[in-house]
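A.B. asks: curious how this folds, go ahead:
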Amino acid sequence: MAWEDAAQGGREEFDIRQLQRAFSASLSPRGEILLREYLQGWRQLLKFLEALGTAFGLISRETESKIGILQRHQEGPHGLHYRTVQSMVAFELSSGLVGFQSLPAHQPPSGCRTLLRLHRALKWLELFLHKLGTSPKDGKPSRMCAEAYRVALAPYHSWWVKQAVALAFLAMPSRQELYRIIVRGEKPAAVLATVESLGRVYNITQEVYSAHGMLELP
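C.D. replies: As a prediction, the model looks like this:
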């Protein structure tokens, strides 16, 4: 299987409780981020992106590719080093695998660089879900999502990607339909509880990457 392939099975519907549980479980008592649980959380976020419609296909494919790369690292010969974000960072730094400038074409994609893309996207989705959970009933999801994108992801994207993403936002479901996708019988408070879990994971990851000067990896 290629490094870019995501080892995924059949799709199920997005479940916000499973999303919250996965990201909560990804934080160990020692403050480490467990990659297996982190990726489980991202698989739920991938289902959420797919539920937004075909306009989000580009974002969904990129997300699935990144999940697959990290999963292959976990299943590879150095899998023990990819148990937590912290152990992955330590291993790739000590082995010269991060690629602060670029990576040789024959070398598998860096786990640190791959996770950084998911990390940035996590902030986007955290901000979007927070806006959605605190907005009035007449709030427009397309505007909320675009505002979150401008803060968290736009600074790292090319002009072409920004244009494609802007079109995807215009095709977003209504707020009522979006709540049906997200909440599915749960109380609306579940949205903000999930946002809190995403925020804790994001903040710890941010600290780890900042400590090693890796927040601006190419």
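
A.B. asks: where do the helices sit along the protein?
C.D. replies: 16-25, 35-51, 57-75, 85-94, 111-134, 141-152, 159-170, 175-183, 189-211 (DSSP state H).

A.B. asks: quick one: closest of those helices to residue 102.
C.D. replies: helix 111-134 (10.1 Å; C-beta to C-beta). Using the backbone N, CA and C atoms, a C-beta is placed for each residue, glycine as well.

A.B. asks: elements contacting that closest one?
C.D. replies: Judged by 3 or more C-beta pairs under 8 Å, 6 or more residues apart in numbering; DSSP states H and E, helix 111-134 is in contact with helix 35-51, helix 57-75, helix 85-94, helix 141-152, helix 175-183, helix 189-211.

A.B. asks: buried ones in the lowest-mean-pLDDT helix or strand in the chain?
C.D. replies: Least confident helix or strand of the chain, by mean pLDDT, DSSP states H and E, is helix 175-183 with a mean of 86. For helix 175-183, a neighbour-count test (16 or more other C-beta atoms under 10 Å) marks 175, 178-179, 182 as buried.

A.B. asks: try stretch 29-42
C.D. replies: Buried, per 16+ other C-beta under 10 Å, within stretch 29-42: 32-35, 37-42.

A.B. asks: any low-confidence regions in the protein?
C.D. replies: Scanning the chain for pLDDT under 70 picks out 1-11, 103-105, 185-186.

A.B. asks: go again using 80 as the cut-off
C.D. replies: Low-confidence segments of the chain (pLDDT under 80): 1-12, 101-106, 184-188.

A.B. asks: so residue 130 is in contact with residue 193, correct?
C.D. replies: No. When contacts are counted by C-beta atoms under 8 Å, residue 130 is not listed as touching residue 193 (11.3 Å).

A.B. asks: so which of the two has more stuff around it?
C.D. replies: A direct count of neighbours by other C-beta atoms under 10 Å for residue 130 and residue 193 places residue 130 higher, at 19 against 15.

A.B. asks: please consider this matter closed, and thank you.
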